[in-house]
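In: With the input below, show me the fold.
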Amino acid sequence: MLRPPLESRPLVPPAPLAEFGSEKMIYDLRMGPQAVADGNRVIVVYQGGEGVPVGHPHVAVYDRALRRWSPGFRVGEAAGRDHHFAPILWRDGRQLWHILYNCHFSPGTHLVSRRPEDPTAWQPAPAIAPSISYPTVWTLSGGRRLLFYRVEGHLGYWVYRLSRDGGATWEAERLLLDFSYQARDEVDRWAGEYASLAVDPDGSTVHLGFCRWDERNGLHPRYRFHCELLKRYSLYYLQLDPETGRLTSSAGQNLTPPVNRRAAEACKVHDTGWELTNFPALAADGHGRV
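Out: Now for the predicted structure:
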């Protein structure tokens, strides 16, 4: 049935998602999904809590027909309100919901719904990996899922895992990026990276964008002040075949994982010099363009 024109629909007062959301209650594109559409519902996870600054994982459900949120309810406990602890959400091939949160230098906390389709009752689930930061789950063709995350801290490395059952179980880690791998000098030893993904509409190809992180202390050579949390430079692009693990630059050059800082020169698409940047948001149009 066609919807009436927007101007003829009755106005509905805006309704809050949550009353006690914390700072960064829904985090940026390094983590997700944090909302999943399910027929007439949208399931949302966020961090928050009443009282002292906390970031416990919560779930809320939006009814599209009624245009109404359910009361948010807490499903676990986080160590604080750090954005790393924010929850993500997916549903596996058995129609069970999964939540992963508390991810920082640890396996995080993994929950699974007690019943299919029901996001209101949860139980503990097995850990997926020993160390996870910035997890994102992507849907691929053939019912596969891809989990992308960083292992360890700023100078850690980025990997992915495939699932053949919609995210109920995961295969072994596959390496992607490690800028400090086989370091030769100070730049290499203190080089990390921040990354984000996009998936082709047909779910067959993954696009990886990233920037270089410089962990070295001291005055910034251009701006002449300390900016330890902001030292990100240049933009890089790689195309990933998730099934084979093949990595290809925009010029068609194959790279062997893990891609370190020196090898990444072949996939640099914009050199910022000492000017600061950030990891990119990517979009794939389905016609080979990113």
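In: mind listing what the residue lying closest to Tyr157 once chain neighbours are set aside touches?
Out: Distances taken as CB to CB, 6 or more residues apart in numbering place Asp178 nearest to Tyr157, at 3.6 Å, with adjacent residues excluded. (Each C-beta comes from the backbone N, C-alpha and C, glycine too.) With contact taken as CB atoms under 8 Å, 6 or more residues apart in numbering, Asp178 is in contact with 156-158, 258-260.
In: Okay, now the unreliable bits of the stretch 1-150 of the chain?
Out: Within the stretch 1-150 of the chain, the ranges that satisfy pLDDT under 70 run 1-10, 12, 52.
In: all strands of it, in order?
Out: For the stretch 1-150 of the chain, the strands defined by DSSP state E, counting those that start in this stretch occupy 35-38, 41-48, 56-63, 68-69, 73-74, 88-91, 97-101, 109-113, 122-124, 133-139, 145-151.
In: out of those strands, nearest to Asp200?
Out: Among the strands of the stretch 1-150 of the chain, the nearest to Asp200 by CB to CB is strand 133-139 (10.5 Å).
In: buried residues in the closest one?
Out: Across strand 133-139, burial judged by 16 or more other CB atoms under 10 Å covers 133-138.
In: chain center to it: distance?
Out: A distance of 4 Å separates the C-alpha centroid of strand 133-139 from that of its chain, computed with CA atoms, centre = their mean, to the nearest Å.
In: Kindly report the same for stretch 31-40.
Out: With CA atoms, centre = their mean as the basis, the distance from the averaged C-alpha position of stretch 31-40 to the chain average is 13 Å.
In: swap in stretch 255-263?
Out: Here the centre of mass of C-alpha atoms in stretch 255-263, compared against the chain's by CA atoms, centre = their mean, lies 21 Å away.
In: Was I right to think Arg144 contacts Tyr160?
Out: No - contact between Arg144 and Tyr160 fails when scored by CB atoms under 8 Å: they sit 11.2 Å apart.
In: shared neighbours of these two, which are they?
Out: Both Arg144 and Tyr160 are contacted by Pro242, under the criterion CB under 8 Å, 6+ apart.
In: out of those two, which sits in the more crowded spot?
Out: Tyr160 (22 against 19; other CB atoms under 10 Å).
In: and that one, bridged to which residues?
Out: The residues listed as beta-bridge partners of Tyr160 by DSSP bridges are Phe148, Arg174.
In: tell me the contacts of it?
Out: Tyr160 sits in contact with 146-149, 173-174, 176, 206, 240, 242, where contact means CB under 8 Å, 6+ apart.
In: can you name the two of the residues you listed that are farthest apart?
Out: The two members of the contacts of Tyr160 with the most space between them (CB to CB) are Glu173 and Val206, at 15.2 Å.
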